[in-house]
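Student: Here is my input, please return the structure:
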Amino acid sequence: MTIASPFKGLKLAVLSAVAGLGLSAAALAQAPASQLETIQSRGALQICTTGDYKPFTLAKDGSYEGIDIELGKSLAKAIGVEAKFVQTKWADLMNDFTGGKCDIAMGGISVTLDRQKRAFFSAPYLINGKAPIARCADVSKFQTVADIDKPETRVIVNPGGTNERFVRANFKQAKIEIFPDNVTIWDQILAGKADIMVAESIETKVQEKIRPGLCAINPDSPLQYGEMGYLLPRGDIVFKAFVDQWLHLAKATGEFGTIYNQFVR
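Tutor: Numbers count the residues shown, from 1 in each chain. The predicted structure is shown next:
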């Protein structure tokens, strides 16, 4: 017995989704060519990723690993092309993406209204939020924003992303230190050079496991609600519909859960 691929007919589903937006055939005919066509012609899906955000994206030995790396490969396979990863960093992410260095950006990217002004987002694939992480002995000291925002607290943060924006918006008295390496930043806390970091709750859970002595603080009740999605070209409804449909199928078939559990549990 032959089992049909869950991605068979994906293009038909995309057309149905676009039609559901209420656009006429004439309007679609006049619309610019979708990036999806460019990707297919090129034979490769170019994916911007920072490579410094475990468990979503981590540069390692000349390649990448993580949840969004495997999902990027899955998306490329659904399109019928290969995945090519393009290095970026958080401070350059939006300029690199809107400047045409890649077709999509993946790797634990928080959905924000500022980013939405310059690009589309896929449907959110993960509910997340900002949570603190500190030395385990200090957990009781940093339960709330008010607990953290004191003159004697040393908050460390990586530059250019939503972590820095959250810290600057919420901590007016604490000492804020910018640390450029998002991979080794956690070791600064262990070494006693900083007291706390605020990051995505899922990331604090992972760092707690791999760095004994660090404890995530209330990661299931984060300080701020958040969602994660993939950056897509602004105005390209065809490509967005394709990515959203692929993501829906990846979750419905269990592929998403299998990949997630590979890197989180």
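
Student: List of residues touching stretch 210-227?
Tutor: For stretch 210-227, contacts defined as C-beta atoms under 8 Å, 6 or more residues apart in numbering pick out 54, 110-111, 124, 126-136, 139, 142-145, 162, 166, 170, 186-187, 189-190, 198, 200-202, 204-205, 207-208. C-beta here means a position set from N, CA and C on the backbone, and glycine is covered the same way.

Student: can you do 6 Å?
Tutor: Residues outside stretch 210-227 that contact it (C-beta atoms under 6 Å, 6 or more residues apart in numbering): 110-111, 124, 127-133, 136, 139, 142, 186, 190, 201, 204-205, 207-208.

Student: How about stretch 168-186?
Tutor: Residues outside stretch 168-186 that contact it (C-beta under 6 Å, 6+ apart): 52, 145, 149-151, 153-156, 158-159, 167, 207, 211.

Student: wait, is residue 143 part of a helix?
Tutor: No: assignment of residue 143 by DSSP: H, G, I helix; E, B strand; the rest coil gives coil, placing it outside any helix.

Student: circling back: from the contacts of stretch 168-186, which ones fall inside strands?
Tutor: 52, 154-156 (DSSP state E).

Student: picking that back up, drop anything exposed from the contacts of stretch 210-227.
Tutor: For these, a burial check counting by 16 or more other C-beta atoms under 10 Å picks out 110-111, 128-133, 139, 142, 186, 201, 204-205, 207-208.

Student: hmm, which two among those are most spread apart?
Tutor: Farthest pair in the buried ones among the contacts of stretch 210-227 (C-beta to C-beta) is 111 and 139. Separation: 28.5 Å.

Student: picking that back up, with pLDDT and distance to residue 71 as extra columns, can I get the contacts of stretch 168-186 in a markdown table?
Tutor: Output for the contacts of stretch 168-186, formatted as a markdown table (pLDDT from 0 to 100; distance: C-beta to C-beta, whole Å):
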| residue | pLDDT | distance to residue 71 |
| --- | --- | --- |
| 52 | 93 | 17 |
| 145 | 97 | 32 |
| 149 | 98 | 36 |
| 150 | 98 | 40 |
| 151 | 98 | 42 |
| 153 | 98 | 36 |
| 154 | 98 | 35 |
| 155 | 98 | 31 |
| 156 | 98 | 29 |
| 158 | 93 | 23 |
| 159 | 93 | 26 |
| 167 | 97 | 28 |
| 207 | 95 | 21 |
| 211 | 96 | 25 |
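
Student: Going by residue numbers, what spans are strands in the stretch 151-265 of the chain?
Tutor: Counting by DSSP state E, counting those that start in this stretch, the stretch 151-265 of the chain has strands at residues 154-157, 175-178, 196-200, 214-216, 224-228, 231-232.

Student: Next, count neighbours for residue 191.
Tutor: Using other C-beta atoms under 10 Å, the number of residues around residue 191 comes to 9.

Student: can you tell me which of the strands of the stretch 151-265 of the chain comes nearest to residue 244?
Tutor: Smallest distance to residue 244 across these (C-beta to C-beta): 9.2 Å, for strand 231-232.

Student: So which of the ones in strands among the contacts of stretch 168-186 is the closest to residue 106?
Tutor: Using C-beta to C-beta, residue 52 comes nearest to residue 106 of the ones in strands among the contacts of stretch 168-186, at 13.4 Å.

Student: so that closest one bridges to which residues?
Tutor: Listed by DSSP bridges, the beta-bridge partners for residue 52 are residue 58.

Student: roughly how far apart are it and residue 43?
Tutor: Taking C-beta to C-beta, to the nearest Å as the measure, residue 52 falls 28 Å from residue 43.

Student: Show me what the closest residue to residue 231 other than its chain neighbours is bridged to.
Tutor: Excluding its sequence neighbours, the residue lying closest to residue 231 (C-beta to C-beta, 6 or more residues apart in numbering) is residue 105, at 3.7 Å. Taking DSSP bridges as the rule, residue 105 bridges to residue 48, residue 231.

Student: how would you label residue 93: helix, strand or coil?
Tutor: For residue 93, the assignment made with three-state DSSP gives helix.

Student: What pLDDT is listed against it?
Tutor: With respect to pLDDT, residue 93 scores 96.

Student: No further queries at this time; thank you.
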